[in-house]
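1. Curious how this folds, go ahead:
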Amino acid sequence: MQSDYTKQGKTTAIVAYITIIGTIIAFFMNQDNKNTFANFHIRQALGIHIAFYLLGALVSMFDSWLISSAFYIFIFVLFAFGLITATKEEEKPVPILGTYFQQWFNFIQ
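-> This is a model prediction of the structure:
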């Protein structure tokens, strides 16, 4: 558990992982107080959502249940990891892509 500052951004961080609409709502919820903990998780959630759509378009070209199931498991693990770290009030990037999401979406502040 961290400071009260992190606790203030916890709700916004959790909302960010609930669909792409949740990420947009979390972005606007965070515009007033600019909580860095919430910003971290908004960037992670936005990256996961974009990766879902881009990789999903790529996977849809293949007609293989093995590739599709691996894709869905990968995305589920990213979502679960992000949501769990937001709930535990930690700023851990999601595996493999998390550090890139922080660099690519650094305009979210």
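
2. Secondary structure class of the residue nearest the centre of the chain, three-state.
-> Geometric centre of the chain, nearest residue: A45, 1.7 Å, by CA atoms, centre = their mean. Using DSSP: H, G, I helix; E, B strand; the rest coil, the structure places A45 in helix.

3. Model confidence for the residue lying closest to it once chain neighbours are set aside, exactly?
-> Leaving aside its sequence neighbours, A45 sits nearest to A16 (CB to CB, 6 or more residues apart in numbering; 3.9 Å). Heads up, the C-betas are built off the backbone N, CA and C, glycines and all. pLDDT recorded at A16 is 93.

4. Enumerate every residue touching A16.
-> Neighbour list for A16: 22-23, 26-27, 38, 41-42, 44-46, 86 [criterion: CB atoms under 8 Å, 6 or more residues apart in numbering].

5. one more time with 6 Å
-> Neighbouring residues of A16 by CB atoms under 6 Å, 6 or more residues apart in numbering: 23, 26, 41-42, 45.

6. quick one: buried residues of the helix or strand bottoming out on mean pLDDT in the chain?
-> Lowest by mean pLDDT, DSSP states H and E among the helices and strands of the chain is helix 4-16, with a mean of 84. Neighbour-count burial for helix 4-16, with 16 or more other CB atoms under 10 Å as criterion, is recorded at 6, 9-10, 12-16.

7. which residue sits closest to T99, ignoring its sequence neighbours?
-> P93 (5.1 Å).

8. In three-state terms, label that neighbour for me.
-> Looking at P93 with three-state DSSP, the answer is coil.

9. Does it touch W104 like I think?
-> No: with contacts counted by CB atoms under 6 Å, P93 stays clear of W104, the gap being 11.9 Å.

10. between the two, which one's more packed in?
-> Higher neighbour count among P93 and W104: P93, with 18 against 14, using other CB atoms under 10 Å.

11. Helix, strand, or coil at the residue lying farthest from the centre of the chain?
-> For the chain, the largest distance from the centre (CA atoms, centre = their mean) belongs to D63, which lies 27.7 Å off. At D63 the chain is in coil, as set by three-state DSSP.

12. Fine, thanks again, bye for now.
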